[in-house]
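Engineer: Let me see the structure of the following:
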Amino acid sequence: MRSPEMPSPFDTPPPPAPLRVIVADDNPVVRAGLTALLSGRPDIAVVAEAADGREAYEAALTRHPDVILLDVRMPGVDGLSALPHLVPLAPVMMLTYSRESEIVQEALRRGAGGYLVHGEFTPDQLVTAVRDVKEGRAHLTATAAGALLTRLRSEDAGRDAAANSPTTSSALADAPFSPEPLSRMQPPVAQSRYQLSTREAEIMDLIASGMNNQQIAAACFISEKTVKNHINRIFAKLHSTSRAEATAKWLGTTPGSSGSRR
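Structural biologist: Numbers count the residues shown, from 1 in each chain. Model (predicted):
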């Protein structure tokens, strides 16, 4: 007779505990969208939301997450400043609109386990990335992968230069990027010149990347009507009547512009 304490080989094993995730983003709409997306999966649970790096750190201390999704630009304590304090607590994946190569490289240098730029991944790819980062498998969207490749090439060039001159070395290896807190960084030139809000600048970036309104709405977790309202304001500020004209001004490719934005 089988002992009551001995499990039967025919018993169905209990499902594994869901991955515990913290979502840190200063935009409540983005947080809500990510939480709804991830919580809809049976093996993922969003255990806390945070509006800046300090809140993410405090939540991580008490909620013991398996993965932290972290935005870069947030008021208060920004993502890069919080990153070294979060990495010892749980794997961190950057999930952000920030696509500057210096920021991507610095996030990876500080221990981020992945870097996803909004608009460059599908919901299923995001879910896969969350699961993989927990297991130590890095995920990078196209922009982040390009930044990493640029860094590797720079380091290779630095090593070649060092072979010919022992007093020189890779700037990235010996003088890593040390940004000011992002809450004090100046906005991009075009954003400042045209007085676009942070959200309008994000949407203008997506327009310039070739996305249509439906894709922008999905990437930003907002309605298409809201996207259209933002675009109307953007066109007014850029004195443009078409996406092509607005993109040319935004990227600094129109005659008389003050140089490329990127």
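Engineer: CA only for contacts and neighbour counts going forward, please
Structural biologist: Noted.
Engineer: so where do the strands sit in the stretch 101-250 of the chain?
Structural biologist: Secondary structure of the stretch 101-250 of the chain, counting by DSSP state E, counting those that start in this stretch: strands at 114-117, 139-140.
Engineer: out of those strands, deepest packed?
Structural biologist: strand 114-117 (a mean of 26; mean count of other C-alpha atoms under 10 Å).
Engineer: circling back to that earlier point, how about the strands of the stretch 101-250 of the chain in a markdown table, adding distance to E224 and mean pLDDT?
Structural biologist: Output for those, formatted as a markdown table (distance: least, C-alpha to C-alpha, whole Å; pLDDT from 0 to 100):
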| stretch | distance to E224 | mean pLDDT |
| --- | --- | --- |
| strand 114-117 | 20 | 92 |
| strand 139-140 | 27 | 88 |
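Engineer: To D132, which of these lies closest?
Structural biologist: The closest of these to D132 is strand 139-140. By C-alpha to C-alpha, the value is 7.7 Å.
Engineer: Give me the distance from that closest one to the chain's centre.
Structural biologist: Taking C-alpha atoms, centre = their mean, to the nearest Å, one finds strand 139-140 lying 10 Å from the centre of the chain it belongs to.
Engineer: for it, packing partners?
Structural biologist: Applying 3 or more C-alpha pairs under 8 Å, 6 or more residues apart in numbering; DSSP states H and E, one finds that strand 139-140 makes contact with strand 114-117, helix 123-134.
Engineer: Show me where the stretch 151-262 of the chain dips below the pLDDT cut-off.
Structural biologist: 155-191, 252-262 (pLDDT under 70).
Engineer: Tell me where it has helices.
Structural biologist: 171-174, 189-194, 198-208, 213-220, 224-238, 243-251 (DSSP state H, counting those that start in this stretch).
Engineer: what's the third one packed up against?
Structural biologist: Here helix 198-208 touches helix 213-220, helix 224-238, helix 243-251, going by 3+ C-alpha pairs under 8 Å, 6+ apart.
Engineer: buried sites along the last one?
Structural biologist: For helix 243-251, the buried set under the neighbour-count rule, 16 or more other C-alpha atoms under 10 Å, comprises 243, 246-251.
Engineer: Give me the distance between the closest residue to H139 other than its chain neighbours and T241.
Structural biologist: Leaving aside its sequence neighbours, H139 sits nearest to G114 (C-alpha to C-alpha, 6 or more residues apart in numbering; 4.7 Å). Going from G114 to T241 by C-alpha to C-alpha, to the nearest Å gives 38 Å.
Engineer: ditto for R73
Structural biologist: Distance from R73 to T241, by C-alpha to C-alpha: 30 Å.
Engineer: With neighbour numbers in mind, choose between the two.
Structural biologist: Between R73 and T241, R73 has the larger neighbour count (other C-alpha atoms under 10 Å), namely 22 against 12.
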